[in-house]
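Participant: coords please:
(one chain, ligands or ions: 1)
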Amino acid sequence: MSVEHVDTLIIGCGQAGLATSEHLNRRGVPHLILERNRIAESWRTARWDSLVANGPVWHDRFPSMGFDEMDPDAFAPRDRVVEYFVALAGQINAPVRCGVEATSLEKAADGFRVQTSDGEIIARNVVAATGAFQKPVFPAIVPTDAPVTQIHSHRYRNPQQLPEGAVLVIGAGSSGAQIAEELMEAGRKVYLSVGPHDRPPRRYRGKDFVWWLGALGIWDTTTPAPGTEHVTIAVSGAHGGRTVDFRKFAARGMTLLGRAEGYADGRITFASDLKNNIEMGDANYLSLLDRADAYVAENGLDLPEEPDARNFDPDPACVVNPILNLDLSEEGITTIIWATGYVQDFGWMKLDAFDEKGRPVHQRGVSEIPGLYFIGLPWLSRRASSFIWGVWHDADYVAEHIAGRLAKVA
Ligand SMILES: Cc1cc2nc3c(=O)[nH]c(=O)nc-3n(C[C@H](O)[C@H](O)[C@H](O)COP(=O)(O)OP(=O)(O)OC[C@H]3O[C@@H](n4cnc5c(N)ncnc54)[C@H](O)[C@@H]3O)c2cc1C
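Facilitator: The predicted model follows:
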């Protein structure tokens, strides 16, 4: 089979690949995108059916295209997000080849040699846009042969998919909180294991949370505050967007638990940290309110005051007297959903471009290997980097670097 030569190869056609393509197009840089499945595959098959975007459509979009028929304050359903990226690919004429997987990447004399499921490609530049949330992970607490169905949140689709019975959701970030609420609303008995988390207000003083992230400069933070690198964030666009409030979940019948710690003989043990985790989440919530109030005062803005936002419901019984030990069978728990996040996986790249934890070494997506780039990673340049809104701006920088490099080697 003949070897194909391209200037710049983008691997992955989610939002990160498309953003890079758009910016390369603007600079007239020839490129090709390989996508092993379909455009925006993660939004199609690694998300549950009812998922809506976490940010309103005025925000969770690229500057070059809107969600024109939608109310700007609405949250786009998953399938609409897929449509959006497919339409965007058409609008920018993205040179995407779907159904082709990059299986290995190594250095070549003039760039990189990429083995694909459809032959070999030599590229001067390679942009890895293979996903911020690549490989689902969950702690090995409950053995796989325990008498309970266990799935990761990326395999969760809807309540009907699960066996009859109660459900234990472990992890209370955006995925865990939303899935637990959906299951409760479908009539399931739900247990939710709540670890350390941030839970910002959905709206405050008439502005959405993401508006505040922008106004307060939080989206542009370049490094996480020490100790907060792994704190999950519980936000939701479901039901038109509501603040995630675990006390309210409990008042509606959900049982909250601390962090899952161990398993023996059909029983799961939980840490006694639930109250602390809830209170730390409150503190995070209140700190955003404080910063927002200070911003309003400093800038003389006319935004309606909202004193009620500072009132919390009383702690529910499951927080006051936490359950530390749960017998799965006695509680009728037939499913555990691990909403415990993802890790990156670049095992297919045979390059010395990673640190001891397997994370890419780079500056704003520009790796130490000339011609190799990463895009879409958490904190690539700042907090917004792995989100729809942020990746577009990061891709501009990466494309500029590529264009400059090609100009030098031409
Ligand atoms: C549950 C969940 C909900 C989220 N909701 C939001 C939200 O509402 N708003 C927001 O801004 N962000 C959200 N995010 C974060 C982020 O926007 C998404 O994860 C988004 O899909 C990341 O885009 P990406 O292009 O970086 O990666 P992906 O969308 O994962 O795209 C990577 C693409 O690369 C392809 N690929 C991978 N490996 C190869 C290979 N070797 N060869 C060829 N192709 C390959 C994959 O098939 C995939 O299509 C969410 C994340 C999760 C997990």
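Participant: Find me whatever residue is spatially closest to the most centrally placed residue in the chain, sequence neighbours aside.
Facilitator: For the chain, the residue nearest the mean C-alpha position is Phe133 (6.4 Å; Cα atoms, centre = their mean). Once flanking residues are discounted, Phe133 sits nearest to Tyr342: 3.7 Å by Cβ to Cβ, 6 or more residues apart in numbering. In this view, the C-beta of every residue, glycine as well, is placed from N, C-alpha and C.
Participant: picking up where we left off before, so the residue nearest to the centre of the chain sits in a strand?
Facilitator: No. Looking at Phe133 with DSSP: H, G, I helix; E, B strand; the rest coil, it is coil, so not inside a strand.
Participant: Pull up the residues of the stretch 101-250 of the chain that are close to the ligand.
Facilitator: Proximity of the stretch 101-250 of the chain to the ligand, by Cβ under 6 Å from any ligand atom, involves residues Glu101, Ala102, Ala129, Thr130, Gly131, Ala132, Phe133, Ser175.
Participant: how many other residues sit next to the closest residue to the ligand within the stretch 101-250 of the chain?
Facilitator: For the stretch 101-250 of the chain and the ligand, the shortest gap (Cβ to the nearest ligand atom) falls at Gly131, measuring 2.9 Å. Neighbour count of Gly131, defined by other Cβ atoms under 10 Å: 21.
Participant: That one reaches Gly14, doesn't it?
Facilitator: Yes. Between Gly131 and Gly14 there is a contact under Cβ atoms under 8 Å: 6.3 Å.
Participant: Common neighbours of those two, please.
Facilitator: Shared contacts of Gly131 and Gly14 (Cβ atoms under 8 Å, 6 or more residues apart in numbering): Ser42, Gly376.
Participant: just to revisit the earlier point, show me the two of the residues of the stretch 101-250 of the chain next to the ligand that sit farthest apart.
Facilitator: Ala102 and Ser175 (27.3 Å; Cβ to Cβ).
Participant: The two: which has the busier surroundings?
Facilitator: Neighbours per residue (other Cβ under 10 Å) separate Ala102 from Ser175, with Ser175 holding more: 27 against 22.
Participant: ok but that one is inside a helix, no?
Facilitator: Yes. Read with three-state DSSP, Ser175 is one of the residues of a helix.
Participant: can you map out the helices along the stretch 151-300 of the chain?
Facilitator: 174-185, 209-215, 246-251, 274-299 (DSSP state H, counting those that start in this stretch).
Participant: again, but for the stretch 301-410 of the chain
Facilitator: 317-320, 388-409.
Participant: Save the ones you listed as TSV, and put in distance to the ligand and mean pLDDT too.
Facilitator: Below are these laid out as TSV (distance: least, Cβ to the nearest ligand atom, whole Å; pLDDT from 0 to 100):
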stretch	distance to the ligand	mean pLDDT
helix 317-320	26	97
helix 388-409	4	91
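Participant: hey, which of the ones you listed is tucked in deepest?
Facilitator: For those, ranked by mean neighbour count under the definition mean count of other Cβ atoms under 10 Å, the leader is helix 388-409 at a mean of 19.
Participant: could I get that helix in CSV with only the CA atoms?
Facilitator: Extracted C-alpha coordinates of helix 388-409, given in CSV (Å, rounded to 0.1, in the frame of the first residue of the first chain):
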residue,chain,number,x,y,z
ILE,A,388,-16.3,23.7,24.2
TRP,A,389,-15.8,27.4,24.7
GLY,A,390,-12.1,27.1,25.8
VAL,A,391,-10.8,24.7,23.2
TRP,A,392,-11.5,27.0,20.3
HIS,A,393,-9.2,29.6,21.8
ASP,A,394,-6.5,27.1,22.5
ALA,A,395,-6.7,25.8,18.9
ASP,A,396,-6.0,29.3,17.6
TYR,A,397,-2.7,29.3,19.5
VAL,A,398,-1.8,25.8,18.3
ALA,A,399,-2.7,26.6,14.7
GLU,A,400,-0.6,29.7,14.8
HIS,A,401,2.4,27.7,16.1
ILE,A,402,1.9,25.2,13.3
ALA,A,403,1.7,27.9,10.6
GLY,A,404,4.8,29.5,11.9
ARG,A,405,6.7,26.3,12.0
LEU,A,406,5.7,25.4,8.4
ALA,A,407,6.7,28.8,7.2
LYS,A,408,10.2,28.2,8.8
VAL,A,409,10.7,24.7,7.3
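Participant: on contacts alone, who are the packing partners of that helix?
Facilitator: Applying 3 or more Cβ pairs under 8 Å, 6 or more residues apart in numbering; DSSP states H and E, we find helix 388-409 packed against strand 4-11, helix 15-26, strand 119-128, strand 372-374.
Participant: Pick the most buried one from those.
Facilitator: Sort those by mean neighbour count, taking mean count of other Cβ under 10 Å, and helix 15-26 sits at the top with a mean of 26.
Participant: ok and that one relative to helix 388-409, angle-wise?
Facilitator: Angle between the axes of helix 15-26 and helix 388-409 is 40 degrees (criterion: axes from the mean of the first three to the mean of the last three Cα atoms, to 10 degrees).
Participant: Next, report how far helix 15-26 is displaced from the centre of its chain.
Facilitator: 20 Å (Cα atoms, centre = their mean, to the nearest Å).
Participant: got the angle for that helix vs strand 4-11?
Facilitator: Here helix 15-26 runs at an angle of 130 degrees relative to strand 4-11 (the same axes, to 10 degrees).
Participant: Report the mean per-residue pLDDT for helix 15-26.
Facilitator: Mean pLDDT, computed over helix 15-26, is 98.
Participant: residues contacting Gly300?
Facilitator: The contact partners of Gly300, by Cβ under 8 Å, 6+ apart, come to none.
Participant: how near is it to Asp293?
Facilitator: Gly300 sits 13 Å away from Asp293, taking Cβ to Cβ, to the nearest Å as the criterion.
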